[in-house]
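> Sequence and predicted model, in that order:
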Amino acid sequence: MDIEFNKNEDLLKQELFRLKTRYEKIKMGGGAKKIEAQHKQGKLTARERIAFLLDKDAPVLEIGAFAGEGMYEEHGGCPSGGVVVCIGYICGKQAIVVANDATVKAGAWFPITAKKNLRAQEIAMENRLPIVYLVDSAGVYLPMQNEVFPDKEHFGRIFRNNAIMSSEGIVQIAAIMGSCVAGGAYLPIMSDEAMIVDKTGTIFLAGSYLVKAAIGENVDNETLGGATTHCEISGVTDYKFPDDQSCLNAIRDIFDKMGDFPKAGFNRKTPAPPKLNPEEIYGLFPADRTKPYDMMDIILRLVDNSEFRPYKELYGQTLICGLARIDGWAVGIVANQRKMVKTKKGEMQMGGVIYSDSADKATRFIMNCNQKRIPLVFLHDVSGFMVGSRSEHGGIIKDGAKMVNAMSNSVVPKFSIIVGNSYGAGNYAMCGKAYDPRLIYAWPTAQIAVMSGASAAKTLLQIKVSAMKAKGEEITAEQEAALLKEITDKYNEELSPYYAAARLWVDGIIDPLETRKVISMGIEAANHAPIRKRYNVGVIQT
């Protein structure tokens, strides 16, 4: 291996070490003391509950692990959004599990908590996956209630989704394993079945303090809304259990007896690993994001047997399109080619840029995959669409619009992996978050923004300097350099995949070697939802 390969490998492995370190910290939730307090109450933590519930030695995919990171610091922070969400297997059946983390502000709902819960429900609804709620929450975080309670995508949307899923026959099971207060009390009771843990689980519209203040009644929380009350008097809950473990075993027992459902029928053969070593991705992916590389080197280390059938290989070469298998599943791959390519006319095209011919090729390929019911995988390393008079005269906007149209109306499931740059309209055309990918994950090397840091910083600097000069203010070269650094540092922070993951613009950040697992589990989930919508791209100008 050459020096460049070794340098790339070292730097990417350093990024992966940082990723692991940050994740280990997040897994501690509210910290060791809060975890110990949970155990003293006889309760498992959110992550312990999920680990107990899911099948051992089966793959698990966490959603939104970095949600809330670096946010709400003035309120003490909200690691992982105060809720843990995973796709895993219960008695061999794939399901999504949502567990409130009571070590984080007693499981109270911050704005990002609501967003993450809604994302979990969205995944369940899109894929018709059973969903299990492990409830242990103090309800809305009151100091931020105006950002959690009243809007369309806030707290109340959770219960609307409960009702929609129920009407569509998507299984919902809830376990009340701690506090369940006020509006949050509706979530478990709007599920198909509700169970409660004796002495630790409580559910009521108003706790004892509020009851005393509102109507003057003296009553303790257990009498008001404990397991005995709701299993023997009110009939609100269906099952009572002495501890977390027996409650979780009961959920497993329900899944063990659950019938099967219709499938979408996506094509799968016996999985095979890539013939080329996937670990070589670490050295092949450049540490310097301005350097070209051959995206085919990456693809051949992700797909089964390192076999890939390219579509229109010599046309529109800044986008790679073609068919392959990932963990046995047939997929159509759309990937940005990062190396400089030569057209038939002898012209050179910049890598990572979408040209008119590339957009035209991708449009046709996406339509073909929809016709054949083949899921789509988008590998992002894109700077955007080509600009300039020649491109404008050639109709780049029209060709870009065709690609966005075909991708937006796709009825087969779409999966996005952001491996490098994902800038501007390139993010949109490659199925960014706004275009409903079933799952969207980023490598630690990812950057997401309207444009690159260097371009944005220079543009913002020009605007700032012009505004200062318009006011008659002078600026020295040293001041201008300092201002550029300040702008660049701020923008680069916002480019980070961690910034995106904290806000759920991506579902998580992964080691490149986890890419196959993400796509495979994603397609397996999507296979639970038969395609009932006809593919129609609407009006596409030619």
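Perfect, I can see it now. Numbering: from 1, shown residues only.
> show me the residues around the residue lying closest to residue 513 once chain neighbours are set aside that make contact.
In this structure, residue 513 finds its nearest non-sequential neighbour in residue 278, 5.5 Å apart by Cβ to Cβ, 6 or more residues apart in numbering. Glycine gets a C-beta too; all of them are placed from N, C-alpha and C. Neighbouring residues of residue 278 by Cβ atoms under 8 Å, 6 or more residues apart in numbering: 301-302, 512-513, 516.
> Name only those of those residues that count as buried.
301-302, 512, 516 (16 or more other Cβ atoms under 10 Å).
> For these, please prepare TSV with the additional fields distance to residue 63 and secondary structure.
Formatted as TSV, those follow (distance: Cβ to Cβ, whole Å; DSSP: H, G, I helix; E, B strand; the rest coil):
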residue	distance to residue 63	secondary structure
301	25	coil
302	21	coil
512	19	helix
516	18	helix
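> Out of the residues you listed, which is nearest to residue 530?
residue 516 (24.8 Å; Cβ to Cβ).
> wait, isn't the closest one in contact with residue 281?
No - between residue 516 and residue 281 there is no contact under Cβ atoms under 8 Å: 11.2 Å.
> which neighbours do the two share?
Common neighbours of residue 516 and residue 281 (Cβ under 8 Å, 6+ apart) are residue 302.
> So residue 191: helix, strand or coil?
When classified by DSSP: H, G, I helix; E, B strand; the rest coil, residue 191 comes out as coil.
> show me the contacts for it.
133, 162, 166, 172-174.
> Can I get those residues in TSV including neighbour count and distance to residue 424?
Below are the contacts of residue 191 laid out as TSV (neighbours: other Cβ atoms under 10 Å; distance: Cβ to Cβ, whole Å):
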residue	neighbour count	distance to residue 424
133	28	38
162	23	37
166	14	40
172	21	39
173	24	43
174	27	42
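> Show only the entries of these found in helices.
Residues of those located in helices (DSSP state H): 162, 166.
> could you point out where the stretch 1-150 of the chain is predicted with low confidence?
Applying pLDDT under 70 to the stretch 1-150 of the chain picks out residues 1.
> Look up the closest residue to residue 338, ignoring the ones flanking it.
Per Cβ to Cβ, 6+ apart, closest to residue 338 is residue 351, 4.2 Å.
> Quick check: that neighbour touching residue 340?
Yes - counting by Cβ under 8 Å, residue 340 is a contact partner of residue 351 at 5.4 Å.
> Can you pull the residues that touch both of these two?
residue 292.
> The two - which one has more neighbours?
residue 351 (21 against 13; other Cβ atoms under 10 Å).
> Residue 286: what's it in contact with?
If you count contacts by Cβ under 8 Å, 6+ apart, then residue 286 has 4, 8, 292-293 around it.
> which among these end up buried?
Buried among the contacts of residue 286 (16+ other Cβ under 10 Å): 8, 293.
> Which two of the contacts of residue 286 have the greatest separation?
Across the contacts of residue 286, the longest distance by Cβ to Cβ is 13.2 Å; it joins 8 and 292.
> and the residue sitting furthest away from the middle of the chain, how far is that from residue 487?
Distance from the C-alpha centroid of the chain, by Cα atoms, centre = their mean, peaks at residue 472 (47.4 Å). From residue 472 across to residue 487, the span is 22 Å (Cβ to Cβ, to the nearest Å).
> Could you do residue 215 as well?
57 Å.
> How about residue 231?
60 Å.
> Toward the C-terminus, what is the element adjacent to the lengthiest helix in the chain?
Ranked by residue count under DSSP H, the longest helix found in the chain is helix 3-27. As assigned by DSSP states H and E, the chain's next helix or strand after helix 3-27 is helix 32-40.
> Can you give me the buried ones in that following helix?
34-35, 38.
> which strands and helices sit next to the helix or strand following it?
Per DSSP H and E, the first helix or strand lying C-terminal to helix 32-40 is helix 46-53. Under the contact definition 3 or more Cβ pairs under 8 Å, 6 or more residues apart in numbering; DSSP states H and E, helix 46-53 sits against strand 83-90, strand 93-100, strand 131-137, helix 244-256.
> Hey, what's the angle from helix 46-53 to strand 93-100? Just curious.
160 degrees (axes from the mean of the first three to the mean of the last three Cα atoms, to 10 degrees).
> can you give me phi and psi for residue 376?
Reported as degrees, to the nearest 10, the phi and psi values for residue 376 are phi -110, psi 140.
> which ones are touching residue 164?
residue 125.
> Distance check, it against residue 183.
Counting by Cβ to Cβ - residue 164 and residue 183 are separated by 17 Å.
> try residue 213
Residue 213 is 18 Å from residue 183, by Cβ to Cβ.
> Could you do residue 110 as well?
15 Å.
> Out of these two, name the residue with the larger neighbour count.
Comparing residue 110 with residue 183 by other Cβ under 10 Å, the one with more neighbours is residue 110, at 26 against 15.
> Excluding sequence neighbours, find me the nearest residue to that one.
residue 78 (4.7 Å).
> Verify the stated contact: that neighbour with residue 105.
Yes - assessed by Cβ under 8 Å, residue 78 is found in contact with residue 105 at 6.9 Å.
> Can you report how many residues neighbour residue 308?
18.
> I'd like the helices and strands packed on helix 46-53 as a markdown table, with distance to residue 502 appended.
Below are the helices and strands packed on helix 46-53 laid out as a markdown table (distance: least, Cβ to Cβ, whole Å):
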| stretch | distance to residue 502 |
| --- | --- |
| strand 83-90 | 14 |
| strand 93-100 | 19 |
| strand 131-137 | 21 |
| helix 244-256 | 29 |
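> who wins for proximity to residue 387 among the ones you listed?
Taking those one by one with Cβ to Cβ, strand 83-90 is closest: 39.4 Å.
> so where do the strands sit in the stretch 251-400 of the chain?
Under the criterion DSSP state E, counting those that start in this stretch, the stretch 251-400 of the chain contains strands at 309-310, 319-326, 329-336, 341-342, 348-349, 353-354, 376-382, 384-385.
> Can you tell me which helices and strands the last one packs against?
Taking 3+ Cβ pairs under 8 Å, 6+ apart as the contact definition, the neighbouring helices and strands of strand 384-385 are strand 353-354, helix 424-429.
> give me that answer again for 10 Å
Judged by 3 or more Cβ pairs under 10 Å, 6 or more residues apart in numbering; DSSP states H and E, strand 384-385 is in contact with strand 353-354, helix 356-371, helix 396-408, strand 414-423, helix 424-429.
> And those: which comes nearest residue 178?
That would be strand 414-423 among the helices and strands packed on strand 384-385, by Cβ to Cβ, at 34.6 Å.
> Geometric centre of the chain: which residue is closest?
Using Cα atoms, centre = their mean, the most central residue of the chain is residue 507, at 1.5 Å.
> list the contacts for that one?
Going by Cβ atoms under 10 Å, 6 or more residues apart in numbering, residue 507 touches 61-67, 85, 87, 116, 119, 123, 416, 433, 437-442, 501, 518, 522.
> Before I go, just wanted to say thanks for your time.
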